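Undergrad: Pasting a predicted model and its sequence here:
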Amino acid sequence: MKKNAKAVRYNKWGYIFLIPFIVVFVVFQLIPLVTTIYNSFFENYMSGLTQVGPNFVGMENYKKLFTGGDVWIYAKNTMVMWILCFIPQILLSLLLGAWFSDVQLKLKGSRFFKTVIYLPNLIMASAFAMLFFTLFSDGGPINSMLMQIGFIDTPYKFLSNTGSARGLIAFMNCLMWFGNTTILLMAGMMGIDTSLFEAAEVDGATSTQVFFKITLPLLRPILVYVMITSLLGGLQLFDVPQILTNGTGDPMRTTMTLIMFLNKHLYSKNYGMAGALSVILFIISAILSFIVFKVTGNDKRKG
């Protein structure tokens, strides 16, 4: 009985240390989540200087979003730019991770290069967007250089063409995040038992065979984590296209993302539609994460 009483006394300290987390979670996450869901069922917006609502309208806000068609266009824009960013990002990160974690290559200055590739992640997205806006503007250095070498005769409007505008946004996000992804994958690669690589080398396996037969399968949990977090980050893509296009989503709204669309509702103080869109984004994020988790087969248990 004394041991049980002592265990209870020790356990209470665990609950006490959990109190700060629980308070922060309830105040900054749970209450805003419940409030957002609640507001999504109300008509609440500004019409000129007149406040309309809040009036309970049920599912009308959700019906307007789905019947309007805009949400599908912006969802497609968001996914296209995420795919354009994620594919080169994961390939580059896997390549760099394999190089830096391979002891046979004996790369010099690996610590320096690891620091360098992570540095873009520390730069504010707004500063990054302003830099690229200046570089790729009609009268910017990139156009000047291309005209001087005779590659083009007139300035190319990078931000007025759908392909180049989406490509720039994807390229910027890839530059900002590939270092973080590389560090995560390297941590996973360095955690693999070296005896597996030694056994494969004795058996005459090439570096390519070792990578695809040993490294990649054992990296699956981290790859799943990277893919899910990148997907959620892609759905929240906002700052780069917002600054690069001045919030317009040009050309022809082809760079308008779901969060930019949400921001427009918040800016116009249409809290009902903003709440409905937030709930839809929450559901989409949950569904896509579940699909990725299932497709990768990471939920299978070995018997």
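TA: Looks like it came in fine. Numbering: from 1, shown residues only.

Undergrad: just for the stretch 101-250 of the chain, where's the confidence low?
TA: Within the stretch 101-250 of the chain, the ranges that satisfy pLDDT under 70 run 103.

Undergrad: Let me see the ranges of the helices in it.
TA: Assigned by DSSP state H, counting those that start in this stretch, the helices in the stretch 101-250 of the chain fall at 110-118, 125-135, 141-148, 162-190, 194-202, 207-210, 216-218, 220-235, 239-244.

Undergrad: residues of the fifth one that come out buried?
TA: By neighbour count on 16 or more other C-beta atoms under 10 Å, the buried set for helix 194-202 is 197, 200. All C-beta atoms are positioned from the backbone trio N, CA, C, and that covers glycine.

Undergrad: Indicate which one of the helices of the stretch 101-250 of the chain is closest to Ile283.
TA: For these, distance to Ile283 was read as C-beta to C-beta. The smallest value, 11.2 Å, belongs to helix 220-235.

Undergrad: quick one: that closest one to helix 162-190, angle?
TA: 150 degrees (axes from the mean of the first three to the mean of the last three C-alpha atoms, to 10 degrees).

Undergrad: Contacts for helix 220-235, please.
TA: Contacts to helix 220-235, defined as C-beta atoms under 8 Å, 6 or more residues apart in numbering, come from residues 78-79, 81-82, 85-86, 89-90, 93, 173, 177, 181, 184-185, 187-188, 216, 258-259, 281, 284-285, 288-289, 292-293, 296-298.

Undergrad: now that helix, how far from the chain's geometric center?
TA: 8 Å (C-alpha atoms, centre = their mean, to the nearest Å).

Undergrad: now stretch 36-45
TA: 27 Å.

Undergrad: picking that back up, any of the contacts of helix 220-235 buried? List them.
TA: Buried members of the contacts of helix 220-235, counted by 16+ other C-beta under 10 Å: 78-79, 81-82, 85-86, 89-90, 93, 173, 177, 181, 184-185, 188, 258-259, 281, 288-289, 292.

Undergrad: Mind putting the helices of the stretch 101-250 of the chain into a markdown table with distance to Phe28?
TA: Output for the helices of the stretch 101-250 of the chain, formatted as a markdown table (distance: least, C-beta to C-beta, whole Å):
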| stretch | distance to Phe28 |
| --- | --- |
| helix 110-118 | 28 |
| helix 125-135 | 22 |
| helix 141-148 | 42 |
| helix 162-190 | 24 |
| helix 194-202 | 43 |
| helix 207-210 | 46 |
| helix 216-218 | 37 |
| helix 220-235 | 18 |
| helix 239-244 | 20 |
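
Undergrad: Ok, which of the ones you listed comes nearest His265?
TA: helix 239-244 (14.2 Å).

Undergrad: was I right about Gly272 contacting Met46?
TA: No. Gly272 lies out of contact with Met46 (C-beta atoms under 8 Å); the separation is 11.5 Å.

Undergrad: Counting neighbours, go ahead and name the busier of these two.
TA: Comparing Gly272 with Met46 by other C-beta atoms under 10 Å, the one with more neighbours is Gly272, at 24 against 13.

Undergrad: show me what contacts the more buried one?
TA: 39-45, 53-54, 57, 61.

Undergrad: Secondary structure class of it, three-state.
TA: Three-state call for Gly272 (DSSP: H, G, I helix; E, B strand; the rest coil): helix.

Undergrad: okay, it: pLDDT?
TA: Looking at Gly272, its pLDDT stands at 91.

Undergrad: And it, how far from Ile280?
TA: 13 Å (C-beta to C-beta, to the nearest Å).

Undergrad: Are there residues contacting both of the two? Which ones?
TA: In contact with both Gly272 and Ile280: no residue, using C-beta under 8 Å, 6+ apart.

Undergrad: coming back round to it: so of the contacts of helix 220-235, which ones are in helices?
TA: Taking DSSP state H, the ones among the contacts of helix 220-235 that sit in helices are 78-79, 81-82, 85-86, 89-90, 93, 173, 177, 181, 184-185, 187-188, 216, 258-259, 281, 284-285, 288-289, 292-293.

Undergrad: For stretch 203-221, buried residues please.
TA: If you call a residue buried by 16+ other C-beta under 10 Å, then stretch 203-221 has these buried ones: 210-211, 214-215, 218-219.

Undergrad: of these, closest to Asn121?
TA: Out of these, the member with the shortest distance to Asn121 (by C-beta to C-beta) is Leu219, at 20.4 Å.

Undergrad: Tell me the spatial nearest neighbour of the closest one, not counting adjacent residues.
TA: Gly188 (4.9 Å; C-beta to C-beta, 6 or more residues apart in numbering).
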